[in-house]
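here are the coordinates; sequence isn't available:
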C-alpha cells in the first residue's frame, strides 16, 4: 500500500486517504454555536424591549467560551495530525478546495452588502426623489426630498437624522488602504521566504504583517469613534450610515479574524511548524488575508471615494 | 478523544461502527451521517406536514373554525420554512452523503468531521426555529419569504431567533456544499472522469455551487433585517432612504437559485432510475449535463419574476420575463431526454419507477404553470393567488418529494440489505399520487378564480374545491405514516437483497454488497 507524503498524480495516494475516527469537536461546536446565538438573541430582544438584569449575557458568554474551547481544541487537533504527517497530498487538495470555496462564500456574503449599496445609490434613492416609477411616492410622502450621495438629508429626518459631516477619504481611510496593501506585500514576502526555508526572514515579515494588520484595526476604531462622536454618522443616520457601517463593520470583523489566523501562523512558525514545500495552513491564512485586502479596495473606492 | 491518530488504515473496513448512542453523535462516517440527515428530514417532513394539516383543516370550510388568523399565519410561515430548510434540503444532503462516495468510488466524504458538524447544526437550528412558536407574541407570521417591513417593523420579538436559526441553517448548508464539491472534485476513483459521473453526482456538484453562491446572500439579508430591528438602521425603511423592495431583490436573488437547489438533485435521481427500469441507457447524457448547468446559470438572472407586481421598471419586467421563459428550453431538453429514455424500453413498474414517471408527468405540469406565471402581464392576475400555491406545490411535492421517495425505494436494498414490501410501497405511491393531485389540482382553479393565498377564510364560491383539496391533503398526510412503516419494516427484515437488485441498474454502488459495508472503497476501484 502506498503511504502518505507522496506527491504523485491525483490517484497514486488515494488508497490512504485519511478518514478520521470519531470526533467530539463537531457536537461541541454545535452546542457552542446554539448557546452563543441564543444568548445574543436574548440580549438583543432585552435591549429593544428595555429589559435589564437578565441572564442573557451569561448565556452568550458561556456559548462564546464553548466556541473558543472548540476552536482551540479542533484546530489544535488538526495541527497535531498534520505534524504527525497523516495528511497525504490528496488530503491537502481537499483542504484547498474547502478553503477556496469558503472564501467564495464570503465573497457572496459581501456581495449582498455591495449590491445593497449599488441598488440604493443608483436606483432607490433617485426613485424616492421622484425619478422614474417613484414619482407618486415622492409627491405624496416626501415632496421635499432631494436625491444626493452621500445621503445626509433623509426623507424622514425626524426618525433618521442624517450625518452632520462625512469621513474624509484622504485621511484615515487612505492611511488604512496603504497599511493593508503593504501588509499583503509583507505577507507575500514572508511566504516566499518560507518556501525558501529562510525561517528568520519569515518571522520578521510575519511580525511586520501583524503590526500593519493591528494598526489597521486601531485606526478603524478611531474612525468609528470620530464618526459617532464628531460627525453624527451612526447606524441610525439613514441608509448612508447603514451601508457604511455594515460594509466597514463586517470588513473589520474579517480583518480581525484574518489577523488572528496570521497570529496563530506566526506562533506556529516560531514553534518550527511548516515545511518549505508543505504549509497549507499558512497558505490558507494568507489567501484569507489577501481576500480581506481586496474587499477593502472595493470599500475604499465605493464607500469612501466615489 | 485525544487518541484520534492514525487509527484509520486501509484495513479499517474490518471495523464496524462504534457501539451505543454516542456513535451517532461522534461519527465521521458518511453512511451514518447520511442516515441521520434522512431521519432528521423525515421528522421535519412530519412536523411541517402537521402544520399543513392544520392549514387544510381550517380551510376545510369557509369561515373561521379551528385556529385564530394570527396562528394560521404562523402555520403557513413555519410550514414553508420547515419544508424547505428542514425537509427537502437535508433529505438531498442525506442522499448525497450516502450515495456520492459510493458512486465515485471514494472512501468517505472529503472532510468527514466537518460533515458531522454540518449535520449536527441542523437539530439545534430546528429547535430554535420551532421554539419561536411558543414565545411571547408567537412565531414568525410573515410568510416563508419574510418580506420587510412585515418581518422588521411589524414582526414579533421571536423574529430575532428566527434570524439566528436561518444563520445556523445557512452555515450547515454551506459546509455541506463545500464538502460535496471537495469530494466530487478530489476523491473520484481513477478513471472516473467528469463525463463518466452519474447524473446524481453532476446535479449535486452544480447544486453545491448554487448553495455556496446564494446561502451567504440570504445570511446578508437576514443580517440586515436584524440590524433594522435592533440597531436602528434603515436598509428596508424608505424613511431613512432605504427600500422595502430591496429586501425582495436580495431575498429572491437567494430564493430563485434556492428553488433549483430543491429540484436539481431530483433530476439526478430520476436520471438514475428511469434507465434502470426501462433497461436502456439514459438518452442524451451530455445534453443532460449541459441542461442542468444552463438551468443553474439562468437561475441567477430571473429572480425578479417573483416581483412583477411590486412596481419594478418596465425594462425589468421584460428582461425578467424573457429570461424566465428561456429556462423552459433546458428543462424541455431534460423532459425530452427522460421520455426518450423510456421510449421503446422494456419497462417494469416497481415503486421507484412509478414515482419517477409521476415525477416526469407532474413536474412538467408544474413547469407549464411556471411558464404561465412567467408572462408578466398575466402574472398580475395570478400573483399571490392559489394558482401560485398550486404551481410551486406541483414542482415541490411530485418534484422534490416524489424524487426523494423514489431514491429511498431505489437505494433501500443497498442501505438495509433487504427488499422493501413492494405491495405496501405501491399502495404508498398510489395514495400519495391521488392525494397529492386531489390537494393541489383544484388550487389551480380557485387561484384563477381569485382566491388569495395565506388567508384563513374565503368566499363561499371556493368552498367545494377547498373541501376536495383538504380531503386530498389529509389523504396524502396519513399515507406518509405508511411510508415510515415500510422503511422500518425494510430495516428490520425482509427478502434478502442482492448486490444489484434492479437488473437494469448501473453504477459503482451496485458493485458493493447489500447492505453496503460500513467502510467502502478504502481502496479505490478502477473505472473502465
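Great, that's in hand. Quick caveat, the model's predicted, so the values are computed rather than measured.

Give me the nearest residue to the residue in the stretch 201-350 of chain B that chain A sits nearest to, chain neighbours excluded.
For the stretch 201-350 of chain B, the residue closest to chain A is residue B:220, as judged by CB to the nearest CB, at 2.8 Å. Quick note: C-beta positions are derived from backbone N, CA and C, even for glycine. Leaving aside its sequence neighbours, residue B:220 sits nearest to residue A:112 (CB to CB, 6 or more residues apart in numbering or on different chains; 2.8 Å).

Where does that neighbour fall, secondary structure wise?
Using DSSP states H and E, residue A:112 falls within helix A:89-119.

residues of that helix that come out buried?
A:89-99, A:101-102, A:104-117, A:119 (16 or more other CB atoms under 10 Å in any protein chain shown).

and what of stretch A:264-272?
A:264, A:265, A:266, A:268, A:269.

how about those residues in JSON lines, adding pLDDT?
As requested, those are exported to JSON lines (pLDDT from 0 to 100):
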{"residue": "A:264", "pLDDT": "97"}
{"residue": "A:265", "pLDDT": "97"}
{"residue": "A:266", "pLDDT": "97"}
{"residue": "A:268", "pLDDT": "97"}
{"residue": "A:269", "pLDDT": "96"}
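
Return the closest of those with respect to chain B.
For the buried residues of stretch A:264-272, the residue nearest chain B by CB to the nearest CB is residue A:264; the value is 18.6 Å.

my read: that closest one touches residue A:285, true?
Yes: when contacts are counted by CB atoms under 8 Å, residue A:264 is listed as touching residue A:285 (7.4 Å).

how close does residue B:430 sit to chain A?
40 Å (CB to the nearest CB, to the nearest Å).

and that residue, how many neighbours?
By other CB atoms under 10 Å in any protein chain shown, 12 other residues sit near residue B:430.

try residue A:199
Per other CB under 10 Å, the neighbour tally for residue A:199 reads 15.

Look up the closest residue to it, ignoring the ones flanking it.
Distances taken as CB to CB, 6+ apart place residue A:269 nearest to residue A:199, at 7.0 Å, with adjacent residues excluded.

Give the phi and psi angles for the one you found, as a check.
phi -60, psi -50 (degrees, to the nearest 10).

How about the contacts made by it?
Each residue near residue A:269 by CB atoms under 8 Å, 6 or more residues apart in numbering or on different chains is listed here: A:194, A:199, A:202, A:203, A:206, A:282.

what about 10 Å?
A:190, A:193, A:194, A:199, A:200, A:202, A:203, A:206, A:207, A:279, A:282 (CB atoms under 10 Å, 6 or more residues apart in numbering or on different chains).

now, the most widely separated pair of these?
Across the contacts of residue A:269, no pair lies farther apart than A:207 and A:279, at 17.5 Å, counting by CB to CB.

So for these two, which residue has more residues nearby?
residue A:279 (21 against 16).

any idea of the pLDDT on the more buried one?
We note a pLDDT of 95 for residue A:279 in this prediction.

so what's the residue nearest to it when sequence neighbours are not counted up against?
Distances taken as CB to CB, 6+ apart place residue A:194 nearest to residue A:279, at 6.1 Å, with adjacent residues excluded. Contacts for residue A:194 (CB under 10 Å, 6+ apart) come out as A:201-202, A:205-206, A:265, A:269, A:274-277, A:279, A:282-283, A:286.

Measure how buried the residue of the stretch 201-350 of chain B closest to chain A is and give me the count.
25.

Spit out the contact partners of it.
A:108-116, A:246, A:250, B:170, B:250, B:253-254.

Helix A:89-119 and the helix or strand it falls within, what's the angle between them?
Here residue B:220, judged by DSSP H and E, is contained in helix B:199-230. Using axes from the mean of the first three to the mean of the last three CA atoms, to 10 degrees, one finds that helix B:199-230 and helix A:89-119 are set 40 degrees apart in direction.

pLDDT of the following helix or strand past helix B:199-230, averaged?
Next in sequence after helix B:199-230, counting helices and strands by DSSP H and E, comes helix B:244-261. For helix B:244-261, mean pLDDT rounds to 97.

Check which helices and strands helix B:244-261 sits against.
Applying 3 or more CB pairs under 10 Å, 6 or more residues apart in numbering or on different chains; DSSP states H and E, we find helix B:244-261 packed against helix A:89-119, helix B:89-104, helix B:159-186, helix B:199-230, helix B:285-298, helix B:314-326.

how near is residue A:55 to residue B:124?
19 Å (CB to CB, to the nearest Å).

Chain A contacts on the stretch 401-528 of chain B?
Residues of the stretch 401-528 of chain B lying close to chain A by CB under 10 Å from any CB of the partner chain are B:519, B:521, B:522, B:523, B:524, B:526.

can you pick the most crowded of these?
Most neighbours among these, by other CB under 10 Å: residue B:521, with 25 neighbours.

can you pull the contacts of that residue?
Counting by CB under 10 Å, 6+ apart, residue B:521 has contacts A:14-15, A:17, B:13, B:101-102, B:104-108, B:187, B:189, B:508-509, B:511-512.

out of the residues you listed, which are inside helices?
If you go by DSSP state H, those have B:101, B:102, B:104 in helices.

and the closest residue in space to residue B:248 that isn't next to it in sequence, what does it touch?
With sequence-adjacent residues excluded and distances taken as CB to CB, 6+ apart, residue B:248 is closest to residue B:307, at 5.2 Å. Neighbouring residues of residue B:307 by CB under 10 Å, 6+ apart: B:147, B:245, B:248, B:249, B:251, B:252, B:316, B:317, B:320, B:379, B:383.

can you check residue B:302 too?
B:252, B:256-257, B:260, B:319-327, B:374 are the contacts of residue B:302 under CB under 10 Å, 6+ apart.

Could I get those residues in CSV, plus columns for neighbour count?
Shown next, in CSV, are the contacts of residue B:302 (neighbours: other CB atoms under 10 Å in any protein chain shown):
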residue, neighbour count
B:252, 21
B:256, 24
B:257, 24
B:260, 23
B:319, 16
B:320, 23
B:321, 19
B:322, 12
B:323, 17
B:324, 25
B:325, 15
B:326, 15
B:327, 23
B:374, 21
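
give me the element residue B:147 is part of.
According to DSSP H and E, residue B:147 maps onto no helix or strand at all.

so where's the stretch 51-200 of chain A shaky on pLDDT?
A:134 (pLDDT under 70).

which stretches of the stretch 151-300 of chain B aren't confidently modelled?
In the stretch 151-300 of chain B (pLDDT under 70), no residue qualifies.

The closest residue to residue A:101 other than its chain neighbours: what's it in contact with?
Residue nearest to residue A:101 in three dimensions, not counting chain neighbours: residue B:178, with 4.7 Å by CB to CB, 6+ apart. Under the criterion of CB under 10 Å, 6+ apart, the neighbours of residue B:178 are A:94, A:97-102, A:104-105, B:110-111, B:114, B:118, B:208, B:211-212.

Could you do residue B:138 as well?
Contacts here follow CB under 10 Å, 6+ apart; on that basis residue B:138 touches B:68, B:70, B:71, B:73, B:74, B:132, B:156, B:157, B:158.

and stretch A:155-167, does that touch chain B?
Yes: remark: stretch A:155-167 sits within contact range of chain B at A:155, A:156, A:157, A:158, A:159, A:160, A:161, A:162, by CB under 10 Å from any CB.

Which of the residues in that stretch are classified as buried?
For stretch A:155-167, by 16+ other CB under 10 Å, it's A:155, A:156, A:157, A:160, A:161, A:162, A:163, A:167.

And stretch B:151-166, by the same measure?
B:151-152, B:155-166.

isn't residue B:203 right next to residue B:267, touching?
Yes: counting by CB atoms under 10 Å, residue B:267 is a contact partner of residue B:203 at 5.2 Å.

Mind listing the shared neighbours of these two?
Common neighbours of residue B:203 and residue B:267 (criterion: CB under 10 Å, 6+ apart): B:260, B:288, B:292, B:295.

Out of the residues you listed, which two are the most distant from each other?
Longest span within those, CB to CB: B:260 and B:288, 14.9 Å.

Near residue A:221, how many other residues are there?
11.
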